[in-house]
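Chemist: The following comprises the amino acid sequence and a computationally predicted model.
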Amino acid sequence: MNKLKICLIHTGGTIGMIRERKGENYVLRPPEDPSGFLRHLEVEEEIREIADLEFVDLLNKDSTNMVPADWTKTARAIHERMDRGYRGFVITHGTDTMHFTASALAFALGPEIPCPVVLTGAQTTPDVLHGDARINLIRAIKVALSEVAEVVISFDRHIFRGCRTQKSDARSFSAFVSPAIPPLGEIAETILLDPSARRRPDTEGKRPVDFYPDFASGVFPITLTPGLKPDLLLPVIRSPACSALVIRVFGAGNMPDIPEYSFENIIRTATHMGKPVILASQLPAGSALQSDYTLGIKPGDGGSIPVGNMTNASVMVKTRWVLARIDHEISRQALDRNDRPDRIEQLMTKPYVGEMD
């Protein structure tokens, strides 16, 4: 009996690392040759029982070193293989920035993705017998065989929408949460999917039509803290390298209004220079920016763009993705440059892949 095919794309992370003694301590490092990944995990026999696995050695990085160009490379690797008969894709990845990559792949591949793209990783290296490296990989493969059809993170026993997930713990095997929506599913004897999870369409095996894998550079994040003087940001905004500003405001949308600490002038300066200012909350992504206080932000204040209840990772990724997509639209004359500010606001405030309510 022919087993269903799964494409396993390795990018790095603790799940494939080697523990090496350095003096009196141990350090973790990526292996010199990632092609032995499955042998190192000692899961080849178990995997053969459930799927026909094809391994792609794409990257070999600690996820701390992942950059937007790696998101693009990973998205292209998936997209070009989408019509090769794979039932689904599994991406092994480090946990520290997995939620950024998951968001990026969701935006890049678009809302019409025909099969599961499952990111997973581990809190422990494979040599830890009671650890989570082996079981997380096997569970992720089971999720990739399921009926879900979107970019997800499979970790411990939960399945999360990739663009609604954030890392919450550096040690626990339950390392991720989805603060604004419940998990899309649970991994039990069978894969139990929530009704909100997107299912495989009838067009399975076709590449996504809306494929925009590029991400702009120069998006600068700033988190408000008491006493932060906005003038400190002027050199950043005036720099040619800065393309946009993401300000994480207090509460559900509060900003100082004392002249010395008010960001209104900074926002107006940036938007006048064609650099959008995105306003997000510092809170876990459970609250949209809707403040009833007099100090609360209002849509359009100084030209700013308040976004919904996205995670901080999703806000940063989406801003980069929107700017790159609009540049593409302008370059092929599908958008007039004068309409760029309105188009940025339109894309930033409209849900695209379920990233916000």
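Modeler: Thanks, I have it.
Chemist: can you pull the pLDDT of Leu224?
Modeler: The model reports Leu224 with a pLDDT of 95.
Chemist: Let me see the ranges of the helices in the chain.
Modeler: Secondary structure of the chain (DSSP state H): helices at 37-41, 44-48, 68-79, 98-109, 133-144, 234-238, 264-272, 312-331, 340-349.
Chemist: if you compare those, which one is most tucked away?
Modeler: helix 98-109 (a mean of 28; mean count of other C-beta atoms under 10 Å). Using the backbone N, CA and C atoms, a C-beta is placed for each residue, glycine as well.
Chemist: by contact count, what packs against that one?
Modeler: Here helix 98-109 touches helix 68-79, strand 117-120, strand 151-155, strand 166-167, helix 312-331, going by 3 or more C-beta pairs under 8 Å, 6 or more residues apart in numbering; DSSP states H and E.
Chemist: hmm, back to that, can you put the helices of the chain in JSON lines and add distance to Lys167 and mean pLDDT?
Modeler: Below are the helices of the chain laid out as JSON lines (distance: least, C-beta to C-beta, whole Å; pLDDT from 0 to 100):
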{"stretch": "helix 37-41", "distance to Lys167": "22", "mean pLDDT": "75"}
{"stretch": "helix 44-48", "distance to Lys167": "26", "mean pLDDT": "85"}
{"stretch": "helix 68-79", "distance to Lys167": "17", "mean pLDDT": "98"}
{"stretch": "helix 98-109", "distance to Lys167": "6", "mean pLDDT": "98"}
{"stretch": "helix 133-144", "distance to Lys167": "14", "mean pLDDT": "96"}
{"stretch": "helix 234-238", "distance to Lys167": "27", "mean pLDDT": "96"}
{"stretch": "helix 264-272", "distance to Lys167": "29", "mean pLDDT": "94"}
{"stretch": "helix 312-331", "distance to Lys167": "9", "mean pLDDT": "97"}
{"stretch": "helix 340-349", "distance to Lys167": "24", "mean pLDDT": "96"}
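Chemist: of all those helices, which lies closest to Gly23?
Modeler: Among the helices of the chain, the nearest to Gly23 by C-beta to C-beta is helix 37-41 (23.8 Å).
Chemist: Was I right to think Asp169 contacts Asp96?
Modeler: No - the pair Asp169 / Asp96 is not scored as a contact, 11.7 Å apart, by C-beta atoms under 8 Å.
Chemist: ok, residues contacting the helix-or-strand element of the chain with minimal mean pLDDT?
Modeler: Lowest on mean pLDDT, DSSP states H and E among the helices and strands of the chain sits helix 37-41, with a mean of 75. Outside helix 37-41, the residues that touch it by C-beta atoms under 8 Å, 6 or more residues apart in numbering are 8, 10, 15-16, 18, 31, 44, 47, 53, 55, 57, 92, 126, 133-134, 137.
Chemist: Which two of these have the greatest separation?
Modeler: So for the contacts of helix 37-41, where distance means C-beta to C-beta, the most widely separated pair is Ile18 and Leu53, at 21.3 Å.
Chemist: of these two, who's got more company?
Modeler: Leu53 (19 against 14; other C-beta atoms under 10 Å).
Chemist: Next up, the contacts around the closest residue to Cys115 other than its chain neighbours.
Modeler: If the residues on either side of it in the chain are set aside, Cys115 comes closest to Gly88, at 4.9 Å by C-beta to C-beta, 6 or more residues apart in numbering. Gly88 sits next to Ile6, Cys7, Cys115, Pro116, Val117, Val118, Val143, Ala144, Leu145, Ser146 when contact means C-beta under 8 Å, 6+ apart.
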